[in-house]
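[1] starting from these lines, generate the structure:
(chains A and B)
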Amino acid sequence: MNNFSKVRSVRHTLSNLFRKGVCKVLSVGPIPTHIAFIMNGNRRYDQKLNLAKGTGHSIGLLVMLTMLMHCCDLGIRYVTVYAFSIDNFKRKPEEVERVMDLLKFTFELLSEKNSIANLYSVKFHFSGNLDLLNEPVKNAAKELMANTANNSKAFFTFCIAYTSTDEMVSAIREACDERRRAMQEQKKTGGNYGLTKPVEVVDIEKHMYMATAPYPDIVVRTAGENRLSNFLLWQTACSQLYSTPTLWPEVNFWHLVLAVLNFQRNHSYLDKQKKLL
Amino acid sequence: MHFSLQFSLPPVITALSPRSKSFSHQPHHHRIKKLTSHVPKSPLCSTTECALIHQCKEEEEEAFDGRVEDQTLPLGLRPEALPRHVAVIMDGNRRWARLRDLPVGSGYEAGVRSLRKIVELCCEWGIKVLSVFAFSSDNWFRPKVEVEFLMSLFERGMQEDTGIFLRENIRISVIGDLARLPEALQELIINLEEATKNNARFQLIVAVSYSGHYDVVQACQRLALKAKCGLIEPSDINESLIEQELVTKCTEFPYPDLLIRTSGEFRVSNFMLWQLAYAELFFAQSLWPDFGEAEFLKALLAFQKRQRRYGG
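    Purely as a prediction, here's the structure:
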């Protein structure tokens, strides 16, 4: 047994070194600043391997944390995941409850002192209509945000109770509200507000849930589907879309490498487009 | 280079699929009477599909009198599973021209021919709306000569095809920040939209000087105006109100079911962001002037296989 564990630890060290080597090679080219994941395929994973319902989601969350570590190793500063859509509330109540419990467990785990949140100095942020969540999950999320508020090496956003259209509605509502309040102030002080200042892109963007992060460079969707499913529609106007047939619980470091290589191949053109704007 | 401008060239990368060769032989098509039933959002369950197949078989036994309403669908396409609204990002015209050592203008002209072919197929196969990304807000930064050429191409295309739109019962809508276009083109657009507004067989939406961000911002500006005039409260603003202010309000089916992007690029490039929330994305490798019936059929067949869950 002793020899077996020795061999395993040597293999582990070697594979770590190899991964670090690959990270160094990749960093010669442009590294994306922000990568977004649509973590699709957890339920299909259960069916594929004949597992109990919910196992796919549990493994999926572990994979998510592993991928966060790999992104940090590669130097990707912003990571966003589509954890739970507002549309997913339509699913069976047992499934919704299971996922909510799992998320609460993950937030509590990450809030601990020696979790990867503090190890990698990751600040956690939540995008979405958090009022739709039940109290325990909401409180666990707020606590995680508070505990990691001072971290600054990387930024991880959970999109929970989120859809892009809901985000845009909320931003537009706040922009209209802000405009009306400004006009009322002007009226009080006797100024003439009128129609001279139209609503601009920045007025809407600053009220978006995702205002804390730049636009994603890559959107990765697993399980072979080719759609955005109401995720970051506004922010992904010029993002590279990458779809892989692998199910989310089966994703690993090498899929991330392929996604980044794909990004590097198209980077010069995208960069030119951004400079034109 | 001995390529002629008059003939559309076969796709550079993909070969024509064996199915496409059977298009010229009538007996291979399904002769299906135009189904007036509303195309459901979710895939049909198997019993409904069986019922439809039985109905088709019964109708095939009746004598075919060749009426215009009958659709001729290629083998494999189910009329009930066709997308109602297809959106296309017509990418690759300039690359097509450069590959053939032709001026960029020839690429755009070949693109227009390709568009005509796809519009014809949509009418034939019963797709109700086709949206095309002709000119983005970001394209204004291209060389002035190229932009002017494109504007004159739009003008020419609309003038030449007015007759076809009227004859074939096609409705034209142009969406985007039209105030930036030359005045003559703006007038032509208004006249064409007015002349075809009652046509109901098929609608072609051309996005010129358009971007998804512009669409949402102009909807927000309209809503802000309404809030200022006291017509609505900011708290009343919801998804439905925004949908009614987006420029795609000109059509009965504002949300594309399928988005096709040609030339192998994997991005949406600021096209219809709100409306593409649940659209199936299909990325074709061939350049737009080479995107013909075979590739379009491949995209529609791929769409049929997709399982749309809308998050449920």
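[2] quick one, helices of the chain?
    Let's take chain A. Ranges of helices within chain A are A:2-26, A:42-49, A:55-74, A:93-111, A:116-119, A:135-147, A:164-189, A:201-205, A:253-276, based on DSSP state H.
[3] ah, no, chain B please
    Using DSSP H, helices in chain B cover B:18-21, B:46-61, B:93-99, B:104-125, B:144-167, B:183-196, B:212-228, B:239-245, B:293-305.
[4] how about JSON lines for these, with mean neighbour count, distance to residue A:164 and mean pLDDT added?
    Quick note: C-beta positions are derived from backbone N, CA and C, even for glycine. JSON lines is the format used below for the helices of chain B (neighbours: other CB atoms under 10 Å in any protein chain shown; distance: least, CB to CB, whole Å; pLDDT from 0 to 100):
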{"stretch": "helix B:18-21", "mean neighbour count": "13", "distance to residue A:164": "37", "mean pLDDT": "39"}
{"stretch": "helix B:46-61", "mean neighbour count": "12", "distance to residue A:164": "32", "mean pLDDT": "49"}
{"stretch": "helix B:93-99", "mean neighbour count": "19", "distance to residue A:164": "30", "mean pLDDT": "94"}
{"stretch": "helix B:104-125", "mean neighbour count": "19", "distance to residue A:164": "28", "mean pLDDT": "94"}
{"stretch": "helix B:144-167", "mean neighbour count": "14", "distance to residue A:164": "31", "mean pLDDT": "92"}
{"stretch": "helix B:183-196", "mean neighbour count": "14", "distance to residue A:164": "30", "mean pLDDT": "94"}
{"stretch": "helix B:212-228", "mean neighbour count": "21", "distance to residue A:164": "10", "mean pLDDT": "92"}
{"stretch": "helix B:239-245", "mean neighbour count": "15", "distance to residue A:164": "11", "mean pLDDT": "93"}
{"stretch": "helix B:293-305", "mean neighbour count": "19", "distance to residue A:164": "22", "mean pLDDT": "93"}
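[5] redo the ones you listed as a markdown table? Include distance to residue A:161.
    Output for these, formatted as a markdown table (distance: least, CB to CB, whole Å):
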| stretch | distance to residue A:161 |
| --- | --- |
| helix B:18-21 | 45 |
| helix B:46-61 | 34 |
| helix B:93-99 | 42 |
| helix B:104-125 | 38 |
| helix B:144-167 | 43 |
| helix B:183-196 | 41 |
| helix B:212-228 | 21 |
| helix B:239-245 | 15 |
| helix B:293-305 | 30 |
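[6] turn the ones you listed into TSV, columns for distance to chain A.
    As requested, those are arranged in TSV below (distance: least, CB to the nearest CB, whole Å):
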stretch	distance to chain A
helix B:18-21	22
helix B:46-61	19
helix B:93-99	11
helix B:104-125	17
helix B:144-167	13
helix B:183-196	20
helix B:212-228	5
helix B:239-245	5
helix B:293-305	9
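[7] rewinding a little: to residue B:291, which of the helices of chain A lies closest?
    helix A:253-276 (20.3 Å; CB to CB).
[8] can you list the residues that contact the closest one?
    Helix A:253-276 is touched from outside by A:19, A:22, A:26, A:29-32, A:35, A:67, A:70-71, A:74, A:217-218, A:220, A:222, A:238, A:240, A:242, A:244, A:246, B:138, B:141, B:265-267, with contacts defined as CB atoms under 8 Å, 6 or more residues apart in numbering or on different chains.
[9] separate out the buried members of those residues.
    Neighbour-count burial (16 or more other CB atoms under 10 Å in any protein chain shown) is assigned, among the contacts of helix A:253-276, to A:19, A:22, A:26, A:31-32, A:35, A:67, A:70-71, A:74, A:217-218, A:220, A:222, A:238, A:240, A:242, A:244, B:138, B:265-267.
[10] just the buried positions in stretch A:47-67, please.
    Quick answer for stretch A:47-67 (16+ other CB under 10 Å): A:54, A:56, A:57, A:58, A:59, A:60, A:61, A:63, A:64, A:67.
[11] thinking again about what came up before, the helices of chain A: which one's closest to residue B:231?
    Using CB to CB, the helices of chain A put helix A:164-189 closest to residue B:231, at 11.7 Å.
[12] packing partners for that closest one?
    In terms of contacts (3 or more CB pairs under 8 Å, 6 or more residues apart in numbering or on different chains; DSSP states H and E), helix A:164-189 is packed against helix A:201-205, helix B:212-228, helix B:239-245.
[13] report whether the first one contacts chain B.
    Yes: part of helix A:201-205 sits close enough to chain B to count as contact by CB under 8 Å from any CB of the partner chain, namely A:201, A:204.
[14] mind giving me the packing neighbours of that helix?
    helix A:164-189, helix B:212-228.
[15] could those helices go into CSV alongside distance to residue A:144?
    Output for these, formatted as CSV (distance: least, CB to CB, whole Å):
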stretch, distance to residue A:144
helix A:164-189, 20
helix B:212-228, 31
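[16] closest to residue B:124 out of the ones you listed?
    Closest to residue B:124 of these is helix B:212-228 (CB to CB; 29.7 Å).
[17] pull the residues that contact the closest one.
    A:168, A:172, A:175-176, A:179-180, A:183, A:195, A:198-201, A:204, A:233-234, A:237, B:137, B:175-177, B:232-234, B:237, B:241-242, B:245-248, B:268, B:270-274, B:276.
[18] pull the number of nearby residues for the closest residue to chain A within the stretch 201-312 of chain B.
    At 2.4 Å from chain A, residue B:311 is the closest residue in the stretch 201-312 of chain B, using CB to the nearest CB. Residues lying near residue B:311 (other CB atoms under 10 Å in any protein chain shown) number 16.
[19] now distance to residue B:103 too, for the helices and strands packed on helix A:164-189, in a markdown table please.
    A markdown table is the format used below for those (distance: least, CB to CB, whole Å):
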| stretch | distance to residue B:103 |
| --- | --- |
| helix A:201-205 | 35 |
| helix B:212-228 | 30 |
| helix B:239-245 | 41 |
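[20] what does the stretch 101-250 of chain A have sitting close to chain B?
    A:163-166, A:168-169, A:172-177, A:179-180, A:183, A:195, A:198-201, A:204, A:225-230, A:233-234, A:236-243.
[21] please pick the buried ones from those residues.
    A:163-166, A:168-169, A:172-177, A:179-180, A:183, A:199, A:204, A:225-230, A:233-234, A:236-243.
[22] of the helices and strands packed on helix A:201-205, which is nearest residue A:41?
    helix A:164-189 (20.6 Å).
[23] return the distance of the closest one from the chain's centre.
    Between the centre of helix A:164-189 and the centre of its chain there are 27 Å (CA atoms, centre = their mean, to the nearest Å).
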